[in-house]
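**Student:** How does the following fold in three dimensions:
(chains A and B)
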Amino acid sequence: MTLLSVQNLRIRFRTGDGLVHAVNDVSFDMAEGQKLALVGESGSGKSQIALAIMGLLAKNAEIDGQIRFDERDLLTLPAAQMNALRAAQIALIFQDPMSSLNPYMTIERQLGEVVELHEGASRAEARKRALEVMDAVRIPDARNRLRAYPHEFSGGMRQRIVIAMALICRPRLILADEPTTALDVTVQAQIMALLDEIQRDMGTSVLLITHDLGVVAGFCDDTMVLYGGRVMEAAPTPAIFDAPGHPYTRGLLRAVPRITEGDVTLSAIPGSPPNQTAAPRACPFAPRCVDAIPACHDGLPEFREGRACIRPVEELT
Amino acid sequence: MSDPILSVSDMRVTFPVRQGQRFPWSPPRRLQAVTGVGFDLMPGQVLGIVGESGCGKSTLIRAIAGLGPHDSGSVSLDGEPIDYARRADLQRLRRRMQMIFQDPMASLNPRMTIREIVAEPLVYFCPELNSRQRRQKVIEMLDRVGIAERNMNRFPHEFSGGQCQRIGIARALIARPQILLCDEPVSALDVSIQAQVINLLKELQAEMGLTLIFVAHDLGVVRHISDDILVMYMGGMMELAPAADLVANPRHPYTQALLSAVPVPDPRVKQQPQILTGDLPSPTDLPQGCLFQSRCPKRIDACARTRPDLLNRQGRQVACLLEDEAERA
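**Tutor:** Numbering: from 1, shown residues only, chains lettered A, B, ... in the order given. Have a look, this model is predicted:
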């Protein structure tokens, strides 16, 4: 069953340099229990999509298209109803565990506040729920640490608290925006294993936003690759890695340094990221694409069979 | 075999911490950032240093460059020790050794043009050049790192992160140093741009015969550029080995855990990352024995008593008592 449906989403920002086209015509569906990855480099619009779903875009944003969650249109939903939906049904895990917790509030209050607000729970009940969820994310000695402040925890532990906060109302959809980017690899492995376990136990859908293809490979069923605010390719994860159909996906996969192979020269993607102050008229990747033909610079490629590229897969080198 | 170009021996760095002290007049506690690191570098060698945040890798190379303090230890250039308190020694050091930094934007002066930034080392180190010769050298260097001459009079904010890092590399290399210290040079860059910068560094290293110390937390990146890799944990050396050997056959339990946690970009590989339990020791109160003992899955009783040095154990530089046990058995 479709839980989330994003159709023709466009996000533009009014800035001093003119209109910035951050997200251009992005569409995708997410089923209940699905794990979908949004992969892209900085400026690809991946975080803005998550913020748009949560209704948290900056004031200077212009948005059109449709975001439907469980048959409700989130873009036209009144603020009160949107507030009721946040945390209870859709939760967001931010990248930086340091700045997404209030430094003046104890962990107990911070976690408890969510259930008090959304479910009208009493203080005592909120405390019980906070303890449960802290145990679920395996914070050692949770009972004695309820009264602790965020600064008393390490980065990995803080990210666990942020995940606990997202889980406390058992939402149906978790948006995880670079949840492990600020963490060391050994801690990253712990957090991803935890997310995976929770996802399996609760059947939650997870939209994982990341730039790290390694994390995607180990976690997600399906992968969507973004560039310049457009979907370049969308396919089941194994297909993306085994037979990337878009030159950008292929370039990205080849550019990742792998520990198993040392002395080969990395194949870098030449050029710089796109300037997004003009509305896209052609494939945004064409200026950097080694396989580009003149037609690539003329007209937007249609998104067909899981990819937005005018050249057939067989022709690409 | 030639002599080492750079020798570092028993470097120790501590910082005073005022936080948590009982009285304002009690002596500050010392945070031990680097706890005895030493190595020799041969001309043209590339040494990668990896470790997680807080392991002292950046502090170490800043101390070697003379940009940060150190408590004890010595650094020799071509066999001659450097006295960091002497101006003449520092000049000699900086003539031969330059550094590139993690944040490409922050390491360039926003009020200078690219041309001025890149020319500055020449003004200092090559005063014999006149301005026309300097300009020519700047153009050549910028061209080598892929910045066009027509952009020379622009300011840093007009360039992207990847371009700024190229400019940082041009500035470091224009006066032809022999040693280049790189502190997380690509961690602020996107994957596609990161590969460009790594390839550029590799080419320049080969062309100019540079000796490189490359500090990063990303093992894949370090593996790609280094001849040898040094693994650090809590300011100490855990393992030092040729890059291929270290990755194929890690011997220290920490290196093993670290490698198992690196995500593999291949969905068919079912990874079993070794999850480390236990807390990190406090850097103001390091344990008597092995630095890794509190999280080590293979800990034995002796680990709490003796801190193993990085010694040649069964053909590899490993700081682990288990290797001694294995040898005895």
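
**Student:** where are the low-confidence patches of the stretch 101-250 of chain A?
**Tutor:** Applying pLDDT under 70 to the stretch 101-250 of chain A flags no residue at all.

**Student:** Residue numbers of it in contact with chain B?
**Tutor:** Applying Cβ under 8 Å from any Cβ of the partner chain, we find that the stretch 101-250 of chain A lies next to chain B at A:154-155, A:184-186, A:188-190, A:192-193, A:211-218, A:237-238, A:241. All C-beta atoms are positioned from the backbone trio N, CA, C, and that covers glycine.

**Student:** Kindly check the end-to-end length of stretch B:270-285 for me.
**Tutor:** Start-to-end span of stretch B:270-285 (Cα to Cα, to the nearest Å) is 38 Å.

**Student:** thinking again about what came up before, among the residues of the stretch 101-250 of chain A next to chain B, which ones are buried?
**Tutor:** With neighbours counted by 16 or more other Cβ atoms under 10 Å in any protein chain shown, those contain buried members at A:155, A:184-186, A:188-190, A:192-193, A:211-218, A:237, A:241.

**Student:** Tell me how far stretch B:85-105 lies from the chain's centre.
**Tutor:** How far stretch B:85-105 lies from its chain's middle: 14 Å, per Cα atoms, centre = their mean, to the nearest Å.

**Student:** Residues touching that stretch, excluding its own?
**Tutor:** B:6, B:58, B:61, B:64-67, B:77, B:82-84, B:107, B:121, B:125, B:156-157, B:161-162, B:164-165, B:167-169, B:171-173, B:175, B:177-185, B:187-189 (Cβ atoms under 8 Å, 6 or more residues apart in numbering or on different chains).

**Student:** Which members of the residues you listed are classed as buried?
**Tutor:** Here, 16+ other Cβ under 10 Å leaves B:6, B:58, B:61, B:64-66, B:77, B:82, B:107, B:121, B:125, B:156, B:161-162, B:164-165, B:167-169, B:171-173, B:175, B:177-185, B:188-189 buried among these.

**Student:** Which ones among those map onto helices?
**Tutor:** Judged by DSSP state H, these include B:58, B:61, B:64-65, B:121, B:125, B:161-162, B:164-165, B:167-169, B:171-173 as members of helices.

**Student:** Out of those, which is nearest to chain A?
**Tutor:** Checking these against chain A by Cβ to the nearest Cβ gives residue B:162 as the nearest, at 6.7 Å.

**Student:** my guess is that closest one meets residue B:199, correct?
**Tutor:** No. Residue B:162 is beyond contact range of residue B:199, at 11.8 Å (criterion: Cβ atoms under 8 Å).

**Student:** residues of stretch A:42-54 that come out buried?
**Tutor:** A:43-54.

**Student:** chain center to it, what's the gap?
**Tutor:** 7 Å.

**Student:** hmm, that stretch in reach of chain B?
**Tutor:** Yes. Stretch A:42-54 comes into contact with chain B (Cβ under 8 Å from any Cβ), by way of residue A:42.

**Student:** just the CA coordinates of that stretch, formatted as PDB?
**Tutor:** Output of stretch A:42-54 as PDB, limited to C-alpha atoms (Å, rounded to 0.1, in the frame of the first residue of the first chain):
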ATOM      1  CA  SER A  42      25.500  18.700  -1.800                       C
ATOM      2  CA  GLY A  43      23.000  20.900  -3.600                       C
ATOM      3  CA  SER A  44      21.100  18.000  -5.100                       C
ATOM      4  CA  GLY A  45      17.900  19.000  -3.200                       C
ATOM      5  CA  LYS A  46      17.700  15.800  -1.100                       C
ATOM      6  CA  SER A  47      17.300  17.500   2.300                       C
ATOM      7  CA  GLN A  48      14.800  20.000   0.900                       C
ATOM      8  CA  ILE A  49      12.600  17.100  -0.100                       C
ATOM      9  CA  ALA A  50      12.500  15.900   3.500                       C
ATOM     10  CA  LEU A  51      11.900  19.300   4.800                       C
ATOM     11  CA  ALA A  52       9.000  19.800   2.300                       C
ATOM     12  CA  ILE A  53       7.400  16.500   3.500                       C
ATOM     13  CA  MET A  54       7.600  17.800   7.100                       C
END
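
**Student:** what residues does it touch?
**Tutor:** So stretch A:42-54 is contacted by A:4, A:6, A:9, A:11, A:22-24, A:26, A:38-40, A:57-58, A:61, A:63, A:67, A:69, A:74, A:86, A:90, A:92, A:175, A:177-178, A:207, A:209, A:211, A:226-229, A:273-274, A:276, B:190 (Cβ under 8 Å, 6+ apart).

**Student:** Pull out the buried members of those.
**Tutor:** For the contacts of stretch A:42-54, buried by 16+ other Cβ under 10 Å: A:4, A:6, A:9, A:11, A:22-24, A:26, A:38-40, A:57, A:61, A:63, A:67, A:69, A:74, A:86, A:90, A:92, A:175, A:177-178, A:207, A:209, A:211, A:226-229, A:273-274, A:276, B:190.

**Student:** Can you list the residue ranges for helices in the stretch 201-329 of chain B?
**Tutor:** For the stretch 201-329 of chain B, the helices defined by DSSP state H, counting those that start in this stretch cover B:219-225, B:243-248, B:253-261, B:321-328.

**Student:** Which strands or helices does the longest one pack on?
**Tutor:** Contact analysis of helix B:253-261 by 3 or more Cβ pairs under 8 Å, 6 or more residues apart in numbering or on different chains; DSSP states H and E lists helix A:185-202, strand B:228-233, strand B:236-242 as its packing neighbours.

**Student:** Check the secondary structure at residue B:12 for me.
**Tutor:** strand (DSSP: H, G, I helix; E, B strand; the rest coil).

**Student:** I appreciate the help and will end here.
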